[in-house]
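Novice: Sequence plus the predicted model coming up.
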Amino acid sequence: MTRPQRPALPALSLVGALVSALLAWPLQAQAEASDAPPARGLIVRLKQPLPNDSLYPRGGGARTREARQESVRWQRVLGAAGLSGASGRAEPRLRPVGRDQQLIDFERPLSRREAASLRDKLMSRPEVEWVEPNLRERRLQTTPSDPLFTQQWWLQPASGSNANVLEARLRGVSGFQTAWQRANHAPSVVAVLDTGITSHPDLAGRVLPGHDFVSVVEYANDGDGRDADASDPGDYVSTTDLASDLFAGCVVERSSWHGTIVAGMVVANTGNGTGGAGIHWGASLLPVRVAGKCGADVPDIIDGMRWAAGLAVAGVAPNPNPARIVNISFGGNAACGPAYQSAVDELRAVGVVVVAAAGNEWASQPTRPASCSGVVGVVGLNRDGFKTNYSSFGGQIAVSGMAAVAGDDDDGAWGSVLSDSGLVTLTNLGGSVPAASGYARLYGTSFAAPQVAGTIAHMLSLNPALSFDQIVQGLRASARPHVTSPKIAECSDANPGRCICTTASCGAGILDADQAMLYATMPDSYVAPRRLPEVIDNIDLDKALALAPQDRPANAVQVTDSSGGGAFGGFWLLALAFAASTLPLLRTPRRR
Ligand SMILES: [Ca+2]
Ligand SMILES: [Ca+2]
Ligand SMILES: [Ca+2]
């Protein structure tokens, strides 16, 4: 930027009404320097004038008259907002930009707070359609040096159109690479309630001391009940295990390393030349082990939630690193009962947001706790932005949930025509007990939820004062509209496979990490940009429809009462790790 810098003081006298705020500018600028980029003026658009606006002066040619009318309108707005030079003060410069917009240039940077205050003043004028800070765009982030980043399409900017091949279409992603331009990666704590954690070079230095809440020794697989070591010893189920009544309803399976996978998505070391990238490379991971072999018990989950949030749990030392975000990527088919709901409410009361996966049973009700009131339930999308063949949806998702990419595997009648390569992130390569660390491609709503959790971590890094309500409202207000299609029907009981999301079925929209972070910097004045839904209509859809009129038939899986039952009996599902545990994994070769 070549514009000469003027001394700040003369400009300060510009805005009479804001004198006291402006006098605090140098101090404030210092305090916020590491928090947010300053705004270099405000871009403002006025509403179209009424055709008979009698305040406009008359005379002259039509074009001159129009220009004068516009000038009068702008002066009126600036004057009313205390920004005109009417009282002998220096006047901010106006510069036309875009269509029917002006950049109000104060010729000095505005702090985040100052920009928000000026924006509020301008927005209070009925003529003003919107106000946006002029932020300095930087060169798009150099691709992180992590060798697997190029395969991590879920971290890349939203892009593509129907003209592109599937691999080049990313209309459903959250846009983390774009959002990183706005991020400060300031410390933030994300609790992952899951199977525990394994050692991994891409988690080195990022894991806080956690706790192990798995109370039944047979499920715990670490030789005892609750303890202070949240290491994941493996949650494999063997034929020997199945001989015990404790394992009724379980199946033989390999260890999932589900906690490591979810943690890796949020906090993987990025730019370290190793493995993959993560969402937030300043956040710390609080591992709270609640799931062992064959799932998790509700009392262990509830105690784990409360401990993660810094609430007292009998018999456990207080958590010195309370989290504002609790990610729960597993669930059960029972309805959200009072035990679960009261824990969610307690967390909410201390400002802690629970983010939960919607479930993988293509049911029109999410699993719990995504079905609990006040939980941000997350539906899984494919890369094109419509619902995956397996994600559950509906219910409470409409009230407080949203959607993010989860990978779309080969299931459903449309199978591989619309499937993708899954989400690449960290895992462990052991079949039963921990072995070498590695990376995997995964599918499941388990992996959509941590994208929302990681986004909240970024929001709180930028603005730790955000309240529970602001976080949830900000995520939802900033979401991109769900895609539409002339060829795929909306999600419903009768059409539960790949389908078009609505706000009723998949929540407020597609997670937009960049906009959510912008909201965080100005929660009181944020206005979402106007965006039209992407219309999905391409040759792949024609191929899919030639296979079957819809992706899946009506789904018989129903949520039962809180006593359990349903397709999965009285047991909690194992973390929604069907990708990790039962789908073939295309393991990425380890770096040589
Ligand atoms: Ca233990
Ligand atoms: Ca343990
Ligand atoms: Ca890495």
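Specialist: Yep, that arrived. Numbering: from 1, shown residues only. Ligands and ions are numbered 1, 2, ... in the order given.
Novice: Please compute how far the helix or strand hosting D540 lies from its chain's middle.
Specialist: Here D540, judged by DSSP states H and E, is contained in helix 539-547. Averaged C-alpha coordinates place helix 539-547 at 30 Å from its chain's average position (CA atoms, centre = their mean, to the nearest Å).
Novice: same deal with stretch 91-109?
Specialist: How far stretch 91-109 lies from its chain's middle: 33 Å, per CA atoms, centre = their mean.
Novice: Number of residues surrounding V433?
Specialist: Neighbourhood size, V433 [other CB atoms under 10 Å]: 13. Placement of C-beta: from N, CA and C, glycine included.
Novice: Run a quick neighbour tally on T64.
Specialist: The tally of other residues near T64 (other CB under 10 Å) stands at 10.
Novice: Go through the helix or strand in which it is found and flag the buried ones.
Specialist: Take DSSP H and E as the rule and T64 turns out to sit in helix 62-80. Taking 16 or more other CB atoms under 10 Å as the basis for neighbour counts, the residues of helix 62-80 that come out buried are 69-70, 73-75, 77-78, 80.
Novice: Could you name the helices and strands sitting against that helix?
Specialist: Taking 3 or more CB pairs under 8 Å, 6 or more residues apart in numbering; DSSP states H and E as the contact definition, the neighbouring helices and strands of helix 62-80 are strand 39-46.
Novice: who does the strand it packs on touch, helix- and strand-wise?
Specialist: Counting contacts by 3+ CB pairs under 8 Å, 6+ apart, strand 39-46 is packed against helix 62-80, strand 101-105, helix 112-123, strand 128-135.
Novice: which residues touch it?
Specialist: The set of residues that contact strand 39-46 without belonging to it, under CB atoms under 8 Å, 6 or more residues apart in numbering, is 1, 73-74, 77, 92, 97-98, 100-106, 109-110, 112, 115, 118-119, 122, 127-136.
Novice: Now do the same for the spatially most central residue of the chain: helix, strand or coil?
Specialist: The geometric centre of the chain, computed from its C-alpha atoms, lies nearest to V452 (CA atoms, centre = their mean), at 2.5 Å. Per DSSP: H, G, I helix; E, B strand; the rest coil, the secondary structure class of V452 is helix.
Novice: Kindly report the same for the one 3 residues further on.
Specialist: Secondary structure for T455, judged by three-state DSSP, is helix.
Novice: Quick check, it in contact with M517.
Specialist: Yes. Taking CB atoms under 8 Å as the definition, T455 is a contact partner of M517 at 7.4 Å.
Novice: out of those two, which sits in the more crowded spot?
Specialist: Neighbours per residue (other CB under 10 Å) separate T455 from M517, with T455 holding more: 33 against 25.
Novice: Grab the nearest non-local neighbour of that one.
Specialist: Nearest-residue entry for T455: A513, 4.7 Å, with adjacent residues in sequence omitted and distances by CB to CB, 6 or more residues apart in numbering.
Novice: Kindly report the same for V535.
Specialist: With sequence-adjacent residues excluded and distances taken as CB to CB, 6+ apart, V535 is closest to T484, at 5.5 Å.
Novice: swap in Q156?
Specialist: When the adjacent residues along the chain are set aside, Q156 lies closest to Q177, with 5.2 Å between them (CB to CB, 6+ apart).
Novice: What's the end-to-end length of stretch 400-418?
Specialist: 28 Å (CA to CA, to the nearest Å).
Novice: now the residue nearest to Q156, what's its secondary structure?
Specialist: In terms of secondary structure, Q177 is helix; the call rests on three-state DSSP.
Novice: quick one: it and S159 touch, right?
Specialist: No. Q177 sits out of contact with S159 when judged by CB under 8 Å, with a separation of 10.2 Å.
Novice: So if I had to pick from those two, which one is more boxed in?
Specialist: The neighbour count for Q177 versus S159, taken as other CB under 10 Å, is higher for Q177 (21 against 13).
Novice: Quick check: beta-bridge partners of the residue in the stretch 251-400 of the chain that ligand 1 sits nearest to?
Specialist: Among residues of the stretch 251-400 of the chain, the one nearest ligand 1 by CB to the ion turns out to be R289. It sits 7.9 Å away. R289 forms beta bridges with D194, D212, as assigned by DSSP bridges.
Novice: for it, what are its contacts?
Specialist: By CB under 8 Å, 6+ apart, the contact set of R289 is 194-197, 210-214, 230-232, 259, 304.
Novice: which of those residues lies closest to ligand 1?
Specialist: Distances from the contacts of R289 to ligand 1 were compared by CB to the ion; the smallest belongs to D212, at 4.7 Å.
Novice: residues touching the closest one, list them.
Specialist: 196, 220, 222, 226-231, 289.
Novice: again, but for I471
Specialist: Taking CB under 8 Å, 6+ apart as the contact definition, I471 lies against 353, 456, 459-460.
Novice: go on, D408?
Specialist: Applying CB under 8 Å, 6+ apart to D408 gives the contacts 382-383, 388-389, 418-420, 443, 498.
Novice: so where does the closest residue to ligand 3 within the stretch 351-500 of the chain fall, helix or strand?
Specialist: The minimum distance from the stretch 351-500 of the chain to ligand 3, using CB to the ion, falls at L426 (8.5 Å). If you go by DSSP H and E, L426 is part of strand 423-428.
Novice: Now tell me what touches stretch 169-179 from outside.
Specialist: Among residues not part of stretch 169-179, those counted as contacts by CB under 8 Å, 6+ apart are 140-141, 153-162, 279, 381-386, 403-405, 451, 454-455, 458, 483, 510-514, 516-517, 534, 536.
Novice: Quick check on the residues you listed: which are buried?
Specialist: By the neighbour-count criterion of 16+ other CB under 10 Å, those include these buried positions: 153-158, 160, 162, 279, 381-386, 403-405, 451, 454-455, 458, 483, 510-514, 516-517, 534, 536.
Novice: Make a markdown table out of the helices and strands packed on strand 39-46 and add distance to K47.
Specialist: As requested, the helices and strands packed on strand 39-46 are exported to a markdown table (distance: least, CB to CB, whole Å):
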| stretch | distance to K47 |
| --- | --- |
| helix 62-80 | 10 |
| strand 101-105 | 12 |
| helix 112-123 | 12 |
| strand 128-135 | 5 |
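Novice: Minimum distance to ligand 2: which of those has it?
Specialist: Each of the helices and strands packed on strand 39-46 was scored for nearness to ligand 2 using CB to the ion, and the closest is helix 112-123 (42.9 Å).
Novice: May I have the closest one exported as CSV, CA atoms only?
Specialist: Taking only C-alpha atoms (Å, rounded to 0.1, in the frame of the first residue of the first chain), the coordinates of helix 112-123 have been written out as CSV:
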residue,chain,number,x,y,z
ARG,A,112,-11.5,-3.6,15.3
ARG,A,113,-13.6,-2.0,18.0
GLU,A,114,-13.5,1.4,16.4
ALA,A,115,-14.5,0.0,13.0
ALA,A,116,-17.4,-1.8,14.7
SER,A,117,-18.5,1.3,16.5
LEU,A,118,-18.4,3.4,13.3
ARG,A,119,-20.2,0.6,11.5
ASP,A,120,-23.0,0.6,14.1
LYS,A,121,-23.4,4.3,13.7
LEU,A,122,-23.6,4.1,9.9
MET,A,123,-26.0,1.1,10.1
